[in-house]
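1. Coordinates only, no sequence provided:
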């Protein structure tokens, strides 16, 4: 093998690694499966990979007969390629519900080809030196495979054009009150209800059906809330993240996720910016509105702008205007005023804003639907979530006592908000309280990083813990424990409770085990092909 070719190998290997990385991004973003986009992203990433590999050109070349140098380098490369293959397979499993078949095949093919390259590199350690020259074309061969891989997967399906929703037969309807909670833990809800500190939630648990709500892997908030609203997996509704990276090949919304952490990895020199995504699927309140129900939606994350946003501005509460008793309860002794001003107080103002808008202009009529999200608890759960059980987290929590009391006080504040809401708007309605994902211990690598940096531990939804669902009121059995509910089941269940059909192209099911005998015995579950005007998804 010539010295020039020997010195050229790091560039080819770097280009191949860059092309493989581009394949992962294309697999996670099916909109890039178009040949021109996939090829341009592959060439761009390959150029960056070759650039990052240039320092290896400065390493001294091993003598032709030195098998030890050749063998150690091949083993190290085989190990690196094996880790990359495992990383690619992890992306396919983590984001399985986020991408459809063609894109999944790209991710699987990257794992297979990277594993094959690792095997070839390992076998090469046993080749005699005179055969080493036969390995020269291998990096170029794998570079070509990675570059051409997305072109073999097909193109992303075009978005259907919306048309008028066809009319459906009238059905017996009922009014709904849906409250979404962000940053609220099922364990803390049940513990507080048992201890008597959360009487409103305890009453709902006693009179209704409740249990854990299996979430979606990869806790992207926009994807979770849109999945709850549509009853469809992210690869159908198309909302995967609220962040987007603009590249010459096109926008990248879904970046790779380092397993065991919350770290997202995309392309260098392509910073992410926030951008409100647009769903390809109708939310349950949009379906109900088209079917004649009066609806009001306030604060649903990642939802299109609506009149509810205007109401939130009208009823906005400034944290400085909170009454003194509330401020004192949310700022327990030992909690610094500065920390309370960044956590419990703005969180309370945010939730009071949503409640004020809901009570100020509730929907009227015999079959109305009121939907609001109380998201303030997320501001409190992140910094204080570990304080309630420091031993479980395994890391010291500064001022654990005041933080734990502040977190308990906020749960009691939420319980009071729910009491006020139910007293004003809960009569003659079916009640649904849910959280799409519970905040809990951070992923292991995040926890390790916090320990190394001596940073206090924080709660996180990135571990993908289950949320919870609580149903009560008309049509719901009392004292039922839900054991197999999923986030996908929320939308079809709410549609049927409102007296409307569910759609066959929804991925969830109706939680009929929560229905009382009178409702279950007198109501069959009608099914239509789809509510999407453009056709089934």
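-> Right, received. Where do you want to start? Not measured: the values here are computed from a predicted model. Residues are numbered from 1 along each chain as shown.
2. What distance do you get for the residue nearest to the spatial centre of the chain to residue 94?
-> Closest to where the C-alpha atoms of the chain average out (C-alpha atoms, centre = their mean) is residue 220, at 2.2 Å. Relative to residue 94, residue 220 is positioned 11 Å away (C-beta to C-beta, to the nearest Å). C-beta here means a position set from N, CA and C on the backbone, and glycine is covered the same way.
3. repeat for residue 273
-> Distance from residue 273 to residue 94, by C-beta to C-beta: 23 Å.
4. between these two, who's got more neighbours?
-> residue 94 (17 against 9; other C-beta atoms under 10 Å).
5. pretty sure the more buried one contacts residue 258?
-> No: counting by C-beta atoms under 8 Å, residue 94 does not reach residue 258; the two are 10.1 Å apart.
6. how far out from the middle of the chain is the helix or strand in which residue 448 is found?
-> According to DSSP states H and E, residue 448 maps onto helix 444-452. Offset of helix 444-452 from its chain centre (C-alpha atoms, centre = their mean, to the nearest Å): 21 Å.
7. And that helix, what does it pack against?
-> Helices and strands touching helix 444-452, as assessed by 3 or more C-beta pairs under 8 Å, 6 or more residues apart in numbering; DSSP states H and E, are absent.
8. After it, heading C-terminal, what element do we hit next?
-> Counting by DSSP H and E, the next helix or strand C-terminal to helix 444-452 is strand 467-473.
9. And the average pLDDT for that next one is what?
-> Averaging pLDDT along strand 467-473 gives 94.
10. Adjacent strands (with direction) for that strand?
-> If you go by DSSP bridges, strand 467-473 pairs up with strand 209-214 (antiparallel), strand 429-435 (antiparallel).
11. Rebuild these as TSV, extending it with mean neighbour count, distance to residue 318 and mean pLDDT.
-> Formatted as TSV, the strands paired with strand 467-473 follow (neighbours: other C-beta atoms under 10 Å; distance: least, C-beta to C-beta, whole Å; pLDDT from 0 to 100):
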stretch	mean neighbour count	distance to residue 318	mean pLDDT
strand 209-214	22	33	94
strand 429-435	23	27	95
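12. What distance do you get for residue 426 to residue 203?
-> From residue 426 over to residue 203 the distance is 11 Å, taken as C-beta to C-beta.
13. what about the two, which has more around it?
-> Taking other C-beta under 10 Å, residue 426 and residue 203 do not tie; residue 426 has more neighbours (21 against 16).
14. Skip the chain neighbours and tell me the closest residue to the more buried one.
-> Closest residue to residue 426 apart from its sequence neighbours, by C-beta to C-beta, 6 or more residues apart in numbering: residue 177 at 5.9 Å.
15. and that neighbour, what helix or strand is that in?
-> Applying DSSP H and E as the criterion places residue 177 in strand 175-181.
16. and for that strand, what are the contacting residues?
-> With contact meaning C-beta atoms under 8 Å, 6 or more residues apart in numbering, strand 175-181 is reached by 225, 228, 300, 366-375, 377, 414, 418, 421-422, 425-426, 428-436, 473, 494, 497-498.
17. Tell me the spacing between the residue nearest to residue 426 and residue 352.
-> As judged by C-beta to C-beta, residue 177 and residue 352 stand 18 Å apart.
18. ok, these two, which is more surrounded?
-> residue 177 (24 against 21).
19. can you point me to the longest helix in this protein?
-> As assigned by DSSP state H, the longest helix anywhere in the chain is helix 67-94.
20. any idea which helix or strand comes after the lowest-mean-pLDDT helix or strand in the chain?
-> Here the helix or strand of the chain ranked lowest by mean pLDDT, DSSP states H and E is helix 390-393, holding a mean of 59. Downstream of helix 390-393, the first helix or strand assigned by DSSP H and E is helix 400-425.
21. Next, the buried residues of that next one.
-> For helix 400-425, a neighbour-count test (16 or more other C-beta atoms under 10 Å) marks 400, 402-415, 417-419, 421-422, 425 as buried.
22. what's the answer for stretch 137-146, then?
-> With burial defined by 16+ other C-beta under 10 Å, the residues of stretch 137-146 counted as buried are 138-139, 142-143, 145-146.
23. Show residues contacting it.
-> 9, 12-13, 15-16, 19-20, 22-23, 42, 46, 110, 113, 117, 120.
24. What average pLDDT does the helix or strand following the strand holding residue 177 get?
-> The first helix or strand that comes after strand 175-181 along the chain, using DSSP H and E, is helix 186-195. Averaging pLDDT along helix 186-195 yields 92.
25. Measure how helix 186-195 sits relative to strand 467-473, angle-wise.
-> Interaxial angle, helix 186-195 versus strand 467-473 (axes from the mean of the first three to the mean of the last three C-alpha atoms, to 10 degrees): 50 degrees.
26. got the angle for helix 186-195 vs helix 400-425?
-> Orientation of helix 186-195 against helix 400-425 (the same axes, to 10 degrees) gives an angle of 80 degrees.
27. So which elements touch helix 186-195?
-> Using 3+ C-beta pairs under 8 Å, 6+ apart, helix 186-195 sits against helix 199-207, helix 400-425, strand 467-473.
28. Now distance to residue 249 too, for those, in JSON lines please.
-> Listed next are the helices and strands packed on helix 186-195 as JSON lines, based on distance: least, C-beta to C-beta, whole Å:
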{"stretch": "helix 199-207", "distance to residue 249": "49"}
{"stretch": "helix 400-425", "distance to residue 249": "44"}
{"stretch": "strand 467-473", "distance to residue 249": "35"}
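29. Residue 105: which of the ones you listed is closest?
-> Of all those, it is strand 467-473 that lies closest to residue 105, at 30.7 Å by C-beta to C-beta.
30. which phi and psi does the closest residue to residue 330 other than its chain neighbours have?
-> In space, and not counting its chain neighbours, residue 330 is closest to residue 344: 3.9 Å by C-beta to C-beta, 6+ apart. Dihedral angles of residue 344 (phi, psi; degrees, to the nearest 10) stand at phi -70, psi -40.
31. Isn't residue 344 up against residue 381?
-> No: counting by C-beta under 8 Å, residue 344 stays clear of residue 381, with 10.9 Å between them.
32. where exactly do the helices run in the stretch 151-300 of the chain?
-> Here the stretch 151-300 of the chain has its helices, by DSSP state H, counting those that start in this stretch, at 186-195, 199-207, 221-230, 234-237, 284-290.
33. contacting residues for the residue nearest to residue 35 when sequence neighbours are not counted?
-> Leaving aside its sequence neighbours, residue 35 sits nearest to residue 151 (C-beta to C-beta, 6+ apart; 5.3 Å). Residues in contact with residue 151, defined by C-beta under 8 Å, 6+ apart, are 35, 38-39.
34. How about residue 490?
-> Residue 490 touches 213, 228, 231, 284, 432, 434, 469, 508, counting by C-beta under 8 Å, 6+ apart.
35. again, only this time at 7 Å
-> Taking C-beta atoms under 7 Å, 6 or more residues apart in numbering, we find residue 490 in contact with 228, 231, 434, 469, 508.
36. ditto for residue 386
-> If you count contacts by C-beta under 7 Å, 6+ apart, then residue 386 has 393, 397, 457-459 around it.
37. do residue 25 as well
-> Residue 25 touches 41, 252, 266-267, counting by C-beta under 7 Å, 6+ apart.
38. 10 Å instead?
-> If you count contacts by C-beta atoms under 10 Å, 6 or more residues apart in numbering, residue 25 has them with 32, 38, 41-42, 45, 91, 106, 150, 245, 247, 249, 252, 254-256, 265-267, 270.
39. about what we covered before: quick check: mean pLDDT across the helix holding residue 448?
-> Averaging pLDDT along helix 444-452 yields 83.
40. Which of the residues in that helix are classified as buried?
-> Residues of helix 444-452 classed as buried: 446-447, 450 (neighbour count, 16+ other C-beta under 10 Å).
41. Give me the domain ranges for the chain.
-> For the chain, automatic domain parsing gives the domain ranges 3-152, 175-237+280-528.
42. Output the below-cut-off pLDDT ranges for the stretch 351-500 of the chain.
-> In the predicted model, the stretch 351-500 of the chain carries pLDDT under 70 at residues 388-395, 463-464.
43. just how off-centre is stretch 23-36 within its chain?
-> In terms of C-alpha atoms, centre = their mean, the centre of stretch 23-36 is set 20 Å apart from its chain centre.
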